[in-house]
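Chemist: got a predicted model here, sequence first, then my questions.
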Amino acid sequence: MLSPLDPLLRPAPRADIAPFIVMDIMAEAARIEAAGGRVVHLEVGQPAAPAPATARAAAARCLEEGRIGYTTALGIPSLRGRIARYYAETFGLDVSPERIVVTTGSSGAFVLAFLALFQPGDRVAIANPGYPPYRQILKALGCEPVLIETGPETRWAITPETLLAEHRKAPLAGVLVASPANPTGTMMTGAALAALIAAAEDAGIRFVSDEIYHGLDYAFPAAAATAAAVSERATVINSFSKYFCMTGWRVGWMVVPEPLVRPIERLQQNLAISVPTLSQVAAEAAFDGRAEMEAVKRGYIENRRILTGSLPKIGFDRILPVDGAFYLYADVSRFTNDSLAFARRMLAEAGVAATPGVDFDPHDGRHFIRFSYAGSAADMAEAVERIGGWLKTG
């Protein structure tokens, strides 16, 4: 048997990154279900609804036609054109299809963006709490993720003041911002986003905007703002995974500054060759399924109503603003100082899977739990009932 101590088998230091804990929770839930147990899933940010019927029908036609080969590295031209049209229809923006890069989900886009924008050793700011793969991908690429603490005083977002304060400590090469955000579900106003982009660019800090939850916003009268409307220097990342319910199709996109198109194309050619053709065909057709997706969104709004109305009654009375995405980030410090142990017990004893805050925040995440409300209303009601009963008996 091969020994893990064998120097030939020792992983490179860049592989020494933290696990994505939500995936571990998901795996444990699967083991419980495989043994015959029932789990209510509020852990993973994955819509319960399928991809729109238009996308599935287009994929079926593509399969029937037979051969599915490579596409160009930047993506099928008609899909890039349709994404550009989305910006015109949604924001009134004239975005050239030449600036659109189709990617293997937003995850592939982050890798391409970080490789194109940053050098090993560069400091890149991200909000804390925040999506864990941001910092893990940056670390694996030799960059230094810089966590900027957020809180109620900044409405859980990076501000020009907090960004520039960190930049004065040691120069930042970039900043990544998500709105709506994961895990908090909070959003920035258009004015706040524009002010942050202006401050970043004035200081020579490159701006990356994670917009994968666009379309899933509830609290503001206007839709979530896009960085593409503010600056052509910003790199914008989006995905078909969330609004269009296409997580497993692994297809997303970027809007990149024109001088970065060719460098990113070269990276894509070598790292992936191209994004799966079937997924691209389905993604283009997904834009014709917006009515179906709006119905799914109305379901999220109902789920949000159920959780925000019911969770405080069972003790989760400190909840961050539930502006968008499909997450609710709750303070559980009245119950525990160890959110990971709390989440594991809740899964094992109550049959409810949720994600511990330590996945998103290595500093104060031990006091928080993230609930995803991307499932059904029945699941939300059952989860609250189960958790409430468990807390009473525990």
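Modeler: Cool, the structure landed.

Chemist: which residues of the stretch 251-394 of the chain score low on pLDDT?
Modeler: The stretch 251-394 of the chain contains residues with pLDDT under 70 at 394.

Chemist: can you give me the helices in it?
Modeler: 261-271, 277-286, 290-310, 339-345, 377-393 (DSSP state H, counting those that start in this stretch).

Chemist: and the fourth one, C-alpha only, in CSV?
Modeler: Taking C-alpha atoms only, helix 339-345 is exported to CSV below (Å, rounded to 0.1, in the frame of the first residue of the first chain):
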residue,chain,number,x,y,z
SER,A,339,-21.6,26.6,14.2
LEU,A,340,-20.0,23.6,12.6
ALA,A,341,-20.9,21.3,15.5
PHE,A,342,-24.3,22.9,15.7
ALA,A,343,-24.9,22.2,11.9
ARG,A,344,-23.7,18.6,12.3
ARG,A,345,-26.0,18.0,15.3
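
Chemist: packing partners for it?
Modeler: With contacts defined as 3 or more C-beta pairs under 8 Å, 6 or more residues apart in numbering; DSSP states H and E, the packing partners of helix 339-345 are helix 21-34, strand 355-356, strand 368-372. Using the backbone N, CA and C atoms, a C-beta is placed for each residue, glycine as well.

Chemist: could you look up the SS state of the closest residue to Ala227 other than its chain neighbours?
Modeler: In this structure, Ala227 finds its nearest non-sequential neighbour in Ser209, 3.6 Å apart by C-beta to C-beta, 6 or more residues apart in numbering. Reduced to three states with DSSP: H, G, I helix; E, B strand; the rest coil, the structure at Ser209 is strand.

Chemist: so where does Leu79 fall, helix or strand?
Modeler: Using DSSP states H and E, Leu79 sits within helix 77-91.

Chemist: what's the angle from that helix to helix 277-286?
Modeler: Going by axes from the mean of the first three to the mean of the last three C-alpha atoms, to 10 degrees, helix 77-91 is angled at 30 degrees with respect to helix 277-286.

Chemist: report how many residues lie close to Leu5.
Modeler: 7 (other C-beta atoms under 10 Å).

Chemist: got it, and Glu201?
Modeler: Neighbours of Glu201 using other C-beta under 10 Å come to 15.

Chemist: what of the one 10 residues further on?
Modeler: By the other C-beta under 10 Å criterion, the neighbourhood of Glu211 contains 22 residues.

Chemist: one step back: so how far is the helix holding Leu79 off the chain centroid?
Modeler: Averaging C-alpha positions (C-alpha atoms, centre = their mean, to the nearest Å) puts helix 77-91 21 Å from its chain's average.

Chemist: so that it lines up with my notes, have the first residue be 220 from now on.
Modeler: Okay, using 220 as the starting number, the last item reads as helix 296-310.

Chemist: quick check: buried residues in that helix?
Modeler: Neighbour-count burial for helix 296-310, counted by 16 or more other C-beta atoms under 10 Å, picks out 298-303, 305-306.

Chemist: now for these, which pair is the farthest apart?
Modeler: The most widely separated members of these are Leu298 and Tyr306, with 13.6 Å between them, by C-beta to C-beta.

Chemist: quick one: the strands in the stretch 220-369 of the chain?
Modeler: Here the stretch 220-369 of the chain has its strands, by DSSP state E, counting those that start in this stretch, at 259-260, 319-322, 342-347, 363-368.

Chemist: give the next helix or strand downstream of the last one.
Modeler: The one in question is strand 363-368. Strand 363-368 is succeeded, C-terminally, by helix 379-388 (DSSP H and E).

Chemist: my read is that Gly594 contacts Tyr519, right?
Modeler: No: with contacts counted by C-beta atoms under 8 Å, Gly594 stays clear of Tyr519, the gap being 9.4 Å.

Chemist: in stretch 512-522, which residues are buried?
Modeler: By neighbour count with 16+ other C-beta under 10 Å, stretch 512-522 contains the buried residues 512, 515-516, 518-519, 522.

Chemist: now do that stretch: everything it contacts.
Modeler: Residues external to stretch 512-522 that are found in contact with it (C-beta atoms under 8 Å, 6 or more residues apart in numbering): 266, 268, 271, 434-435, 437, 462-464, 505, 545, 592-596, 599.

Chemist: same thing but at 6 Å, please
Modeler: Applying C-beta atoms under 6 Å, 6 or more residues apart in numbering, the external contacts of stretch 512-522 come out as 268, 271, 437, 462, 545, 592, 596, 599.

Chemist: roughly how far does Leu497 sit from Glu385?
Modeler: Applying C-beta to C-beta, to the nearest Å, the value for Leu497 to Glu385 is 43 Å.

Chemist: same drill for these two, tell me which one is more crowded.
Modeler: A count of neighbours by other C-beta under 10 Å puts Glu385 above the other of Leu497 and Glu385, at 20 against 16.

Chemist: can you check the pLDDT for that one?
Modeler: Looking at Glu385, its pLDDT stands at 98.

Chemist: do Asp235 as well
Modeler: With respect to pLDDT, Asp235 scores 87.
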